[in-house]
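Peer 1: I need the structure of the sequence given here:
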Amino acid sequence: MSSSVEEPESSAEESSSSEQVSSSSQTSFSMSVASPKGEGRTPAPKRETPVPFKEPEPQLCNEVPADALCDNRDGEIYATVKIGLQVWMAENLRFDKAGSWCYNDKPENCKAFGRLYTWTSAVDLDDSFQTTSAGSQIAAHHRGACPQGWHVPSMEDMKLLETFIEKVNAKLDKQHPEAVGTSLKSKTDWNACDSDDEECEAGSNRYGFNAKPAGRRNADGSFDDIKNDAGFWTSAEAENASHAPYWDLYYATDKFWGSYTNKKSVGYSVRCLKD
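Peer 2: Down below sits the predicted model:
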């Protein structure tokens, strides 16, 4: 064991040589430190700026039912429904943004009927487009004011909804098929039909679309037709650049009208469609 720790006879000479090298290195280092230009100095480590503590953002959409939509922007939860190949919100949009209002400025009406949006607010464009064409600003699946993954329906989307319901209703009752407007209306909240109006039927909500008569906000700021009328903006524009088409349900008819236009500054409901 002792032989394993004995140094070789040349160790003393190597040690002496090492000390000379060390001494030389120290001298060189001392000279470099003394250099008037500071060459060879080791720079001081940079101090990192401490990152301020940030509270975690609240999780607005925890524990949401699988068949519901939660809007991450405000935590609002919406029922959804699949009609044919489309998945719709089964409630009117309630996202609070510029260019939208509660009917008569009463919050309880927003809760029951959703908000009323100008066309520019619905498609999330500047108000300058209320009098000029948006043109290429409108995408094929235009999100607008809708939650992520959803969009404002196009005219084609609305027509597809109408056509599907027409075909299914015709198969259910070939002699007297239920009208599309009747199938889309909610069972409650609509004013009673006129007794002498043959087209007027109470809503059946057959497909779960649950259309509510939210009324409208006129361009002059007044409100009209709550419980009588339901208008839904599309992402399309009319030939007149200051107007846009919308689809409409009215208490005194069983039709679902898609031939109307109105000023872009008027407030109607928004129903979002899944991408």
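
Peer 1: gap between the spatially closest residue to Trp119 that is not a sequence neighbour and Asp126?
Peer 2: Closest residue to Trp119 apart from its sequence neighbours, by CB to CB, 6 or more residues apart in numbering: Lys264 at 3.8 Å. For glycine as for every other residue, the C-beta is placed from the backbone atoms N, C-alpha and C. Remark: distance between Lys264 and Asp126 (CB to CB, to the nearest Å) = 11 Å.

Peer 1: Show me which of those two is the more surrounded one.
Peer 2: Lys264 (28 against 10; other CB atoms under 10 Å).

Peer 1: Which of the helices or strands spans the closest residue to Ala98 other than its chain neighbours?
Peer 2: Excluding the flanking residues, the one nearest Ala98 by CB to CB, 6+ apart is Ser121, at 6.5 Å. The secondary structure element spanning Ser121 is helix 119-122 (assigned by DSSP states H and E).

Peer 1: so where is this structure shaky, pLDDT-wise?
Peer 2: Along the chain, the model assigns pLDDT under 70 to residues 1-58, 195, 197-198.

Peer 1: That one - how does it break down into domains?
Peer 2: By the assignment in automatic domain parsing, the chain contains the domains 10-39, 68-274.

Peer 1: Please name the nearest non-neighbouring residue to Ile83.
Peer 2: Nearest to Ile83 is Tyr207, by CB to CB, 6+ apart, at 5.0 Å.

Peer 1: The stretch 151-275 of the chain: strands as residue ranges?
Peer 2: With DSSP state E, counting those that start in this stretch, the ranges of strands along the stretch 151-275 of the chain come out as 216-217, 223-224, 229-233, 243-250, 257-263, 273-274.

Peer 1: what does the last one contact?
Peer 2: Contact partners of strand 273-274, identified using CB atoms under 8 Å, 6 or more residues apart in numbering, comprise 80, 86-89, 149-153, 157.

Peer 1: tell me the contacts of the spatially most central residue of the chain?
Peer 2: Closest to where the C-alpha atoms of the chain average out (CA atoms, centre = their mean) is Pro147, at 1.8 Å. For Pro147, the contact set (CB under 8 Å, 6+ apart) comprises 69, 71-73, 95, 272.

Peer 1: now, which of these sits nearest Gly181?
Peer 2: Nearest to Gly181 among these is Cys272, at 20.5 Å by CB to CB.

Peer 1: Next up, the contacts around the residue nearest to Val123 when sequence neighbours are not counted.
Peer 2: Spatial nearest neighbour of Val123, excluding adjacent residues (CB to CB, 6+ apart): Gly144 at 4.2 Å. The contact partners of Gly144, by CB under 8 Å, 6+ apart, come to 122-124, 151-152, 235, 270.

Peer 1: who wins for neighbours among those residues?
Peer 2: Neighbour tally across the contacts of Gly144 (other CB under 10 Å): the maximum, 31 neighbours, falls on Ala122.

Peer 1: circling back: which members of the contacts of Pro147 are classed as buried?
Peer 2: Neighbour-count burial (16 or more other CB atoms under 10 Å) applied to the contacts of Pro147 gives 69, 71, 95, 272.

Peer 1: Show me the helices in the stretch 1-150 of the chain, by range?
Peer 2: Counting by DSSP state H, counting those that start in this stretch, the stretch 1-150 of the chain has these helices, from start to end: 2-5, 11-33, 107-113, 119-122.

Peer 1: got the end-to-end distance for stretch 142-149?
Peer 2: Stretch 142-149 has an end-to-end distance of 10 Å (CA to CA, to the nearest Å).

Peer 1: Now do the buried residues in that stretch.
Peer 2: By 16+ other CB under 10 Å, the buried positions in stretch 142-149 come out as 142-147.
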